[in-house]
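**Q** sequence and predicted model, in that order:
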Amino acid sequence: MILSELEELYALPFFELLKRSREVHERHWPDGEIQLCTLLSIKTGGCSEDCSYCAQSARYNSGVQVERLMEKEQIMERARAARETGSTRFCMGAAWRGVRGGTQRFEQVLDIIKDVSTLGMEVCVTLGELGPDEAVRLREAGVTAYNHNLDTSPEHYPNIVTSHTYEDRLRTIRNVQDAGMSVCCGGILGLGETITDRLRLLEVISSFNPQPESVPINSLMPMPGTPLAENPQVDPFDLVRMICVARIAIPQAKIRLSAGRTRLSDETQALCFFAGANSIFYGDKLLTAKNPAVEKDRELLAKLGLGTLLPNPSLEAPQADCELPASPACAGAGCC
């Protein structure tokens, strides 16, 4: 969808927008089930990048302890525990700029992925920038989805990150799609952006051909020591509006209610699910931020009468629509 269409949607009266997004959601996701995902930081801190929101950057005194890549058996233990508590997607994140083929750490990660993929869950990783060869090897190892967020609009991005460009991120997304993996790509609200920036983010993401399989909508969790540590909390109604517009613009994606859920009431989360969110990170931690406990999430889903999606480890990546032209906004990411 183009920016003017997204702006018209966002400007609708709240209940009219909610009604429209609900209609789209019920058409594409009639079973009303929620995907449960677990996110594990397999290598924490010491990142060379300067993302202004991130406590894992080595450039900020955030108090996050630098940890080496976890041992495979530790990761497997956490993955098995996630499966036992109902998670259907296991996501592994590493605080790196990117990975390069032929290095020891990349080979270690491939070995870990191969073992995790035997547990019957979907496997997602976020390892930073990827070249085409590395993307293919990840797919062959068993990765079903690769997370690489755009964070914000192309215009606001240089205010948030300077150590790599928006085009660098788009290039990784294209490599992921060309390798046959699903793309998980979203953004963060609360980075000092305008409403136009938020909608430009959705314009770019919705223009991918094919569109992402999942779209995380994060609310900034201000981290001490980072440049954005004093940013104000995102208004819950703004969050719901973004979920509504994302659901309409990217109807077949899982819209993931991600970072910031600890600050949301049960009532606000219920509104988000009604608006079209159908995926959550599930467990006690998101990389370096807290997350609602498993029992609390289960209790809320039970109150709302929401079931959970089954895992689909053989998940096929969305197919490009070859009748659609390449979009200048996405630099041809994943286009035919």
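**A** Arrived safely. Keep in mind that this is a model prediction, so the values were computed, not measured.
**Q** quick one: Ile217 is in a helix?
**A** No - per DSSP: H, G, I helix; E, B strand; the rest coil, Ile217 lies outside any helix segment and is strand.
**Q** please tell me the pLDDT value assigned to it.
**A** You'll see Ile217 listed with a pLDDT of 97.
**Q** so it sits against Leu257, correct?
**A** Yes - in this structure, Ile217 is within contact of Leu257 by C-beta atoms under 8 Å, at 6.5 Å. For the C-beta atoms, the positions are set from N, CA and C on the backbone; glycine is no exception.
**Q** find residues that contact each of these two.
**A** Common neighbours of Ile217 and Leu257, counting by C-beta atoms under 8 Å, 6 or more residues apart in numbering, are 243, 277.
**Q** tell me the SS of Arg256?
**A** From three-state DSSP, the assignment for Arg256 is strand.
**Q** can you classify Val240 as helix, strand or coil?
**A** Val240 ends up helix, using three-state DSSP.
**Q** just checking, it touches Thr268?
**A** Yes - counting by C-beta under 8 Å, Val240 does reach Thr268; the two are 7.3 Å apart.
**Q** so between these two, which is more surrounded?
**A** The neighbour count for Val240 versus Thr268, taken as other C-beta atoms under 10 Å, is higher for Val240 (24 against 15).
**Q** quick one: contacts for the more buried one?
**A** Taking C-beta under 8 Å, 6+ apart, we find Val240 in contact with 14, 18, 268, 271-272, 275.
**Q** and for Pro222?
**A** Going by C-beta under 8 Å, 6+ apart, the list of residues near Pro222 reads 53, 190, 228-231.
**Q** what ranges do the strands span in the stretch 151-300 of the chain?
**A** Using DSSP state E, counting those that start in this stretch, the strands of the stretch 151-300 of the chain run over 182-184, 187-189, 214-219, 254-257, 277-281, 285-286, 289-290.
**Q** would you format those strands as CSV with mean neighbour count and distance to Ile2 included?
**A** Formatted as CSV, the strands of the stretch 151-300 of the chain follow (neighbours: other C-beta atoms under 10 Å; distance: least, C-beta to C-beta, whole Å):
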stretch, mean neighbour count, distance to Ile2
strand 182-184, 26, 20
strand 187-189, 25, 18
strand 214-219, 25, 18
strand 254-257, 26, 20
strand 277-281, 25, 24
strand 285-286, 18, 32
strand 289-290, 16, 33
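**Q** can I get those strands in CSV with distance to Gly86?
**A** Shown next, in CSV, are those (distance: least, C-beta to C-beta, whole Å):
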stretch, distance to Gly86
strand 182-184, 20
strand 187-189, 26
strand 214-219, 18
strand 254-257, 16
strand 277-281, 11
strand 285-286, 17
strand 289-290, 19
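**Q** thank you, goodbye.
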